[in-house]
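# model the structure of this input:
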Amino acid sequence: MKTRTVSRLLYAQQVDMGGLPIRQPLPTQQVEQIDPFLLLHHANIKAPSHVDPDDAGVGPHPHRGFSPVTFIFQGGVHHRDSRGNDSVIYAGGAQWMNAGMGIIHSERPPHDIHEIGGRQEIIQLWINTPAKNKMDQPAYYPLSAEEAPKISLAHGLVTGKVFSGEVLGTKGPIPSQAVVNAATFELKSQGSLSIPTPATHNTLIYLLDGKLKVEGFGMVEGLHIVHFKNDGEGIALTALEDTRILFLSGEPLNEEVVSYGPFVMNTQTQILEAMRDYQMGKMGVLIEE
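Sure, this is the predicted structure:
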């Protein structure tokens with residue numbers, strides 16, 4: 001397999017998100033998106049013991065025009081939305097939402113967060129939605145660690161879960177409006193992993209921690225996105241120490257992106273319409289009880 005070469009490394013700078021310290025490797029000042037992937041946030045936060053879980057985390061807020069996806073690595077996330085969905089997903093699972101024409105949701109720690117260690121480690125990924133699907137009905141897809149299809153390689157040194165698309169012949173159950181492949185992997189030291197990728201897909205990995213050798217490039221440390229060029233048949237990695245990664249590949253949409261806060265559309269007029277529709281209550285109401 002001819003491996004892809006590395007286009008760039010993107011470091012996950014620490015930023016303040018409404019008082020929460022998070023890491024943001026995408027977007028940066030240099031890179032607006034890796035089409036169709038718009039944003040990646042990595043948070044590793046201790047849930048405050050003096051705050052009721054129902055009042056912690058991120059309160060009700062709207063989205064339109066893309067898929068906010070949360071991968072959970074420690075703790076759990078309690079999702080509620082204006083379409084009546086209400087579920088908790090714990091470590092190893094994911095919550096995938098196609099926001100479509102508009103939805104309001106909240107993301108709180110689960111009630112038992114302190115009993116399970118008190119720490120929330122998550123990645124939130126924003127995946128752009130094709131223009132033809134931006135006004136579809138919203139949909140929410142929770143997937144627990146137990147339900148996620150598993151991969152085990154290198155005599156157990158490499159394990160993974162596939163959430164959407166197809167990775168190493170294993171299909172993920174979550175439907176995505178953009179054509180994407182999404183999986184998480186844990187590599188023990190000296191574990192090696194080769195992943196074929198569709199020729200047209202933009203491909204990246206994000207290292208939550210650890211240290212990898214990327215074939216044809218060299219060593220990469222945790223808290224970096226490795227963005228690959230579209231010049232090979234796949235990627236090859238070897239863990240130099242225990243490492244956790246998110247693997248993503250996606251068919252670029254090649255469409256105009258106009259975003260404002262929680263809305264991602266194709267024109268400025270559509271953004272103004274989204275703001276109006278939200279203010280008029282057309283995205284529903286979320287009353288947390």
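
# C-alpha only now, for contacts and for neighbours.
Noted.

# show me how far the strand or helix carrying residue 204 is from its chain's centre.
Using DSSP states H and E, residue 204 sits within strand 202-207. Centroid separation for strand 202-207 versus its chain: 11 Å, with Cα atoms, centre = their mean, to the nearest Å.

# need the residues that contact that strand.
Contacts with strand 202-207, where a contact means Cα atoms under 8 Å, 6 or more residues apart in numbering, come from 34-35, 197, 221-230, 243-252.

# direction included, what does it pair against?
Applying DSSP bridges, strand 202-207 is found paired with strand 224-228 (antiparallel), strand 243-250 (antiparallel).

# can I get those in TSV including distance to residue 107?
TSV is the format used below for the strands paired with strand 202-207 (distance: least, Cα to Cα, whole Å):
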stretch	distance to residue 107
strand 224-228	25
strand 243-250	21
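
# ok, which of these comes nearest residue 100?
Of all the strands paired with strand 202-207, strand 243-250 sits nearest to residue 100, with 18.7 Å by Cα to Cα.

# and the contacts of the closest one?
Here strand 243-250 makes contact (Cα under 8 Å, 6+ apart) with 35-37, 178-189, 197, 201-212, 222.

# and residue 135, what does it touch?
By Cα under 8 Å, 6+ apart, the contact set of residue 135 is 64-65, 100-102.

# rerun that using 7 Å as the cut-off
65, 100-101 (Cα atoms under 7 Å, 6 or more residues apart in numbering).

# how about stretch 262-270, which residues are buried there?
For stretch 262-270, the neighbour count (16 or more other Cα atoms under 10 Å) marks 262-266, 270 as buried.

# name the nearest residue to the spatially most central residue of the chain, sequence neighbours excluded.
Residue closest to the average C-alpha location in the chain (Cα atoms, centre = their mean): residue 125, at 2.8 Å. Nearest residue to residue 125 in three dimensions, chain neighbours excluded: residue 40, at 4.6 Å (Cα to Cα, 6 or more residues apart in numbering).

# how about residue 131?
residue 266 (6.9 Å).

# do you know how far the closest residue to residue 35 other than its chain neighbours is from residue 37?
Leaving out its chain neighbours, the residue that sits closest to residue 35 by Cα to Cα, 6+ apart is residue 252, at 4.8 Å. Distance from residue 252 to residue 37, counting by Cα to Cα, to the nearest Å: 9 Å.

# can you check residue 287 too?
Separation of residue 287 from residue 37 (Cα to Cα): 30 Å.

# ok, those two, which is more surrounded?
Neighbours per residue (other Cα atoms under 10 Å) separate residue 287 from residue 37, with residue 37 holding more: 28 against 13.

# do you know how far the nearest residue to that one once chain neighbours are set aside is from residue 35?
Once flanking residues are discounted, residue 37 sits nearest to residue 127: 4.7 Å by Cα to Cα, 6+ apart. Counting by Cα to Cα, the gap from residue 127 to residue 35 is 8 Å.

# so those two - more neighbours on which side?
The neighbour count for residue 127 versus residue 35, taken as other Cα under 10 Å, is higher for residue 127 (28 against 20).

# residues making contact with stretch 216-228?
Contacting residues not belonging to stretch 216-228 are listed as 4-12, 25, 203-213 [Cα under 7 Å, 6+ apart].

# if you count neighbours, what's buried in that stretch?
Buried-residue list, stretch 216-228, by 16+ other Cα under 10 Å: 220-228.

# just the CA trace of the helix or strand bottoming out on mean pLDDT in the chain, in PDB.
None of the helices or strands of the chain scores lower by mean pLDDT, DSSP states H and E than strand 58-63, at a mean of 90. Output in PDB follows, covering the C-alpha atoms of strand 58-63 (Å, rounded to 0.1, in the frame of the first residue of the first chain):
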ATOM      1  CA  VAL A  58     -23.500  23.100  28.200                       C
ATOM      2  CA  GLY A  59     -27.100  24.400  28.500                       C
ATOM      3  CA  PRO A  60     -29.700  24.500  25.700                       C
ATOM      4  CA  HIS A  61     -28.400  26.000  22.400                       C
ATOM      5  CA  PRO A  62     -29.400  25.700  18.800                       C
ATOM      6  CA  HIS A  63     -27.800  24.200  15.700                       C
END
